Every structure is written in structure tokens, then in C-alpha cells.
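Student: predicted model and sequence below, questions to follow.
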Amino acid sequence: MSRCFEDVAYELPEFGRKVIRALEGAGFEAWAVGGWVRDALLDAPSHDVDVTTSARWQDAEKILASRGYAVHRTGVAHGTITAVVEGEPVEVTTYRVEGDYTDHRHPDEVRFVDDIRLDLARRDFTVNAIAYHPRRGILDPFDGRGDLGRGLIRAVGDPRRRFEEDALRVLRAVRFACRLGFDIEPGTQRALVECADGLEDIASERIGQELDGIVRTGRMGWALMNEAEVLGEAIPELAAMDGFDQHSPYHAYDVLEHTARVCMAVEEFAGGMASPALRWAALLHDVAKPVTFTQDAAGRGHFFGHPKVGAPMCEKIMRRLALPGELVVPTRTLVRLHDHYVKPTRRSVRRTLLKFENACPGRAESLTFALLDLKRADAVSKVDRVAGYVVELDKISALLRRVIADGEAFRMTDLAVSGRDVMEATGIRPGPGVGMILRELLLCVVNGELPNDRNALLRSLRA
């Protein structure tokens with residue numbers, strides 16, 4: 001039994017209202033659907049407005065264009081156009097039902113219908129199958145509003161069928177649970193685990209988009225603890241970590257649970273504002289442990305060189321998922337350096353800044369702070385006696401702030417001499433040799449072998 005609530009008034013943005021008024025003024029029916037409705041019911045900020053309508057896309061295009069709105073054919077095979085109203089894109093889609101999904105991703109057939117309830121019935125989760133109209137109120141045939149109140153992600157109809165239609169919904173369920181802080185309804189949970197192997201048929205870049213969405217919620221720790229089987233299908237390297245006993249006096253958990261705890265602790269140390277690179281690094285920092293594991297004669301486990309092996313593994317995973325280079329490179333560098341020992345000395349801090357500057361120019365300061373947060377999270381996710389290392393890391397963080405505030409050199413541009421100075425002092429011609437000399441000077445300054453003083457640097461050049 002569908003429920004239509006008329007006692008609720010939400011402020012649908014005017015650009016969305018204009019689209020609905022235009023379509024209904026021409027004799028068709030139209031509703032706002034999707035994320036805007038869900039977020040409005042949660043009193044959460046939302047900007048995108050999607051509209052579903054009984055009008056065929058050709059009619060909707062003519063109606064909206066006649067009002068002077070720019071209209072783009074963004075998915076007409078599925079009945080979708082996008083109108084730009086008051087500078088905002090509004091996706092407008094004809095009511096539709098879908099046939100079988102033989103590729104586990106795209107429907108073999110799309111059929112347009114005249115009943116919005118049929119359209120809502122083909123959607124993924126109840127919280128996304130709610131419609132809103134400025135006059136008629138809420139239309140909620142699957143009790144999505146109740147699931148919002150209960151904090152549940154529930155599939156519309158038969159959950160197994162929903163996931164067999166589109167295996168990517170397995171990860172979407174996890175993403176929505178993470179984003180909203182919800183649980184997954186038991187029947188839906190069983191089905192998503194049973195259908196997770198369907199991700200093999202999904203393009204890697206689409207899996208990457210969903211995983212990145214999960215990581216960016218800051219709740220990857222929860223996901224690892226509750227959805228390890230699903231995430232292991234998406235990233236097989238994670239499956240190898242599940243249940244992997246470290247046989248170490250420093251560790252109380254297997255590799256996967258340790259990783260989950262690091263992901264959670266990173267959020268605590270970063271105040272819930274961890275960067276995407278730090279969040280991905282927390283997820284993948286120990287990815288090489290299963291492949292580098294050895295045991296000594298006493299049975300103690302070792303993972304010699306796992307950061308060095310893990311860095312290219314991390315990059316391979318992220319490139320496979322088609323994640324952008326500006327995310328991959330700093331993540332790889334954090335994984336490579338997560339066991340790098342930073343001493344509470346200015347020299348050690350400068351050397352760490354230099355390592356990040358060489359790998360990720362312009363991002364050394366933020367990444368060094370991120371590294372210290374990763375190290376803190378790693379320490380508190382081991383046995384209790386290791387957690388005390390956090391106190392030393394706090395001292396290093398304070399020292400890092402002083403090094404930055406004092407303008408100590410760790411970049412080429414920080415040097416008190418320039419390339420022109422090098423050429424004048426040495427007689428060398430323009431070319432790669434100038435940069436090589438500057439890098440040597442910078443290393444001497446960072447190591448404390450030379451002061452960052454113009455006269456001292458010039459004397460060393462002329463020596």
C-alpha cells in the first residue's frame with residue numbers, strides 16, 4: 001500500500017519547481033525524486049534536483065526549451081534529458097521500467113510507462129524510491145521514509161534481484177550505509193554478500209568511483225569490519241588481509257582488523273577531516289604484509305620491506321580503479337613512508353619534508369602532517385605498549401609547525417641562492433647541471449651541513 005503524505009512542506013529549490021510547473025502546465029505529471037528528496041527528509045544539505053515525469057523525453061525537451069531553458073540530451077536511450085534552469089542542471093527522466101540485466105550492469109530493455117509507482121519500483125533502495133511534489137507532498141510506496149527513521153538501507157523488492165540486475169549496487173549499498181551512518185537490513189545484507197562476485201562483470205573505473213565514495217565518507221573502518229567480503233571482491237588484495245595472523249608481539253589484531261582500526265583512528269586524529277590521500281593510505285598502508293610475511297625460528301612474524309613493496313602495490317590497485325593521479329601519487333608516498341622513522345629533530349623533520357616535496361611538489365607540508373596522523377593511527381591500533389609512541393609524534397608535530405613557521409629550507413625555492421647565482425659563481429652554462437648543483441646545495445642545507453645563508457652558499461659554490 002503506497003502512502004502519500006500531504007502534511008509535509010519542503011523547500012524544493014525554485015529551479016526544480018519551475019521544471020515541474022512547466023511539465024504539468026503542459027498536461028503531464030512530474031515529481032522530484034532521488035537524492036534531493038532523501039536528503040530533505042534527513043534535513044541534510046543537497047543541491048541536485050532530479051525530476052521524473054509521465055512526459056516522453058521528446059515532449060519534455062520541447063516544453064522546457066519553449067520556456068527558454070537550455071536542454072541537453074544526456075541519456076535519451078533511457079528517457080533522460082538535462083535542463084539548465086537558473087544556472088542549475090535538472091535531470092528529467094520519463095517514468096520507466098527495465099528488462100533483464102544480462103551484463104549485470106545495464107538493462108537489456110527500457111520501457112516507458114505512465115505510472116510513477118512502477119518507476120519507483122525499479123529503483124535500488126527504499127530511501128531512494130521516494131517522490132515529492134510541491135502540492136501533493138510525499139509519495140512513498142516502499143516505506144523509504146520509515147527506513148530513514150530506522151537508519152536502514154533496504155533493497156526495493158527482492159534484494160537478490162536488485163543486485164543481480166546491477167552488481168554495482170552491492171557497493172552502492174555500502175556507500176549509502178557509510179555516508180548516512182545506517183545499517184544494512186539483514187535480508188539486503190545476505191543478498192549483497194551472495195551477489196558480490198557479480199562485481200567481476202563491472203568496469204574497474206565504476207568500482208573505483210564507488211570505492212572512492214566509500215573512502216571519502218570517513219567510515220571505511222566500519223566498512224572493513226562489516227563488509228569485508230564485499231570489499232574483498234572489489235579489491236582482492238584486501239581479501240588476502242582478512243584473518244591474516246601477524247604473529248607479532250606488537251600486534252593484537254589480524255592485518256584486516258588492524259587496518260580497519262587504523263582507518264577509524266585516522267578520522268579521530270584528523271578531526272574527521274582526513275584528506276582523501278590519507279584515508280586511502282590508511283586503507284592500503286599494510287597491503288603488502290601478506291606477500292612479505294616471514295617467520296623466524298621462534299615463530300615471530302616479520303614483514304621486511306612491506307612499505308617498499310606496498311607502495312607500488314598501492315599504485316597498481318588505484319590505477320586499476322582508474323583513480324586520478326593527483327590522488328594516487330600522494331597515497332603511494334604515504335604508504336611508502338608510513339614506517340619512515342621521523343626523529344624529534346629539525347634535521348629529521350626537514351628531511352621528511354624534502355622527501356614529500358620531491359615526490360609531490362607543493363604538498364610537502366600537508367602530507368607530512370598526514371604522515372604523522374597515519375603514524376599515530378598505526379600506533380594506537382597495535383598493542384597498548386606501542387600506543388605511547390603517540391606522545392613522541394605529538395612532539396614531532398609541534399616541531400614540524402615551528403620548522404614551517406621559521407621558514408626553514410626544504411624546497412629549491414627556499415634556497416638563498418638561485419640558478420643565476422650558480423651560473424655566475426661557477427661559470428656553468430644553463431642546463432641540467434644547474435639544477436643538479438641546486439639540489440646538492442638544498443640537501444646540504446636540509447642536512448644541516450650548510451646554513452641557508454646567501455654568502456655561505458656562494459662561498460661553497462666557489463670553493
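Tutor: Everything's here; your move.

Student: from here on, just use CA atoms for contacts and neighbour counts.
Tutor: Fine.

Student: below-threshold pLDDT in this structure: ranges please.
Tutor: When the per-residue scores of the chain are filtered using pLDDT under 70, the ranges that remain are 1-10, 99-109.

Student: what about the strands in it?
Tutor: 4-5, 30-33, 49-53, 70-75, 80-85, 88-94, 96-98, 110-112, 131-133, 137-139, 152-153, 183-184, 294-295, 301-302 (DSSP state E).

Student: okay, those strands in CSV with distance to Ala252 and mean neighbour count next?
Tutor: Listed next are those as CSV, based on distance: least, CA to CA, whole Å; neighbours: other CA atoms under 10 Å:
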stretch, distance to Ala252, mean neighbour count
strand 4-5, 52, 14
strand 30-33, 47, 25
strand 49-53, 47, 23
strand 70-75, 51, 16
strand 80-85, 52, 22
strand 88-94, 50, 23
strand 96-98, 49, 21
strand 110-112, 52, 15
strand 131-133, 48, 24
strand 137-139, 50, 22
strand 152-153, 32, 25
strand 183-184, 27, 20
strand 294-295, 17, 14
strand 301-302, 13, 16
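
Student: who wins for proximity to Lys308 among those?
Tutor: Go through the strands of the chain one by one with CA to CA and the one that ends up closest to Lys308 is strand 301-302, at 14.2 Å.

Student: same for the closest one, what does it pack against?
Tutor: Packing partners of strand 301-302 (3 or more CA pairs under 8 Å, 6 or more residues apart in numbering; DSSP states H and E): strand 294-295.

Student: which strands or helices does the strand it packs on pack on?
Tutor: Checked by 3+ CA pairs under 8 Å, 6+ apart, strand 294-295 has strand 301-302 packed alongside it.

Student: re the thing from before, now the strands of the chain as a markdown table including distance to Ala379?
Tutor: What follows is these, written out as a markdown table (distance: least, CA to CA, whole Å):
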| stretch | distance to Ala379 |
| --- | --- |
| strand 4-5 | 51 |
| strand 30-33 | 45 |
| strand 49-53 | 44 |
| strand 70-75 | 49 |
| strand 80-85 | 50 |
| strand 88-94 | 46 |
| strand 96-98 | 50 |
| strand 110-112 | 53 |
| strand 131-133 | 47 |
| strand 137-139 | 49 |
| strand 152-153 | 34 |
| strand 183-184 | 29 |
| strand 294-295 | 22 |
| strand 301-302 | 17 |
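
Student: ok, which of these comes nearest Val342?
Tutor: Nearest to Val342 among those is strand 301-302 (21.2 Å), distances taken as CA to CA.

Student: the closest one pairs with which strands, and in what direction?
Tutor: Sheet partners assigned to strand 301-302 using DSSP bridges are listed as strand 294-295 (antiparallel).

Student: burial count for Gly34?
Tutor: Burial of Gly34, expressed as a neighbour count using other CA atoms under 10 Å, amounts to 20.

Student: that one touches Asp48, doesn't it?
Tutor: No - counting by CA atoms under 8 Å, Gly34 stays clear of Asp48, with 9.1 Å between them.

Student: list the contacts of Arg429.
Tutor: Applying CA atoms under 8 Å, 6 or more residues apart in numbering, we find Arg429 in contact with Met423.

Student: repeat the analysis, applying 10 Å as the threshold.
Tutor: Contact partners of Arg429, counting by CA atoms under 10 Å, 6 or more residues apart in numbering, are 420, 422-423.

Student: try Ala359
Tutor: For Ala359, the residues meeting the contact criterion (CA under 10 Å, 6+ apart) are 329-330, 332-333.

Student: so how far is Lys308 from it?
Tutor: Using CA to CA, to the nearest Å, Ala359 is found at 14 Å from Lys308.

Student: cool, and Pro361?
Tutor: 21 Å.

Student: pick out whichever of these two has more residues nearby.
Tutor: Lys308 (17 against 12).

Student: could you find the closest non-adjacent residue to the more buried one?
Tutor: Spatial nearest neighbour of Lys308, chain neighbours left out: Arg336 (5.6 Å); criterion: CA to CA, 6 or more residues apart in numbering.

Student: test my guess that the one you found contacts Ala281.
Tutor: Yes - taking contact to mean CA atoms under 10 Å, the distance of 9.4 Å between Arg336 and Ala281 places them in contact.

Student: which neighbours do those two share?
Tutor: Both Arg336 and Ala281 are in contact with 311, 314, 330, where contact means CA under 10 Å, 6+ apart.

Student: and these, which of them are buried?
Tutor: Buried by 16 or more other CA atoms under 10 Å: 311, 314, 330, out of the shared contacts of Arg336 and Ala281.

Student: contacts only, for Gln189.
Tutor: For Gln189, the contacting residues are 153-155, 159-160, 170, 173-174, 183, 195, 226-227, by CA under 10 Å, 6+ apart.

Student: how near is it to Asp147?
Tutor: Relative to Asp147, Gln189 is positioned 15 Å away (criterion: CA to CA).

Student: equivalent analysis for Leu120, please.
Tutor: Distance of Leu120 to Asp147, computed by CA to CA: 15 Å.
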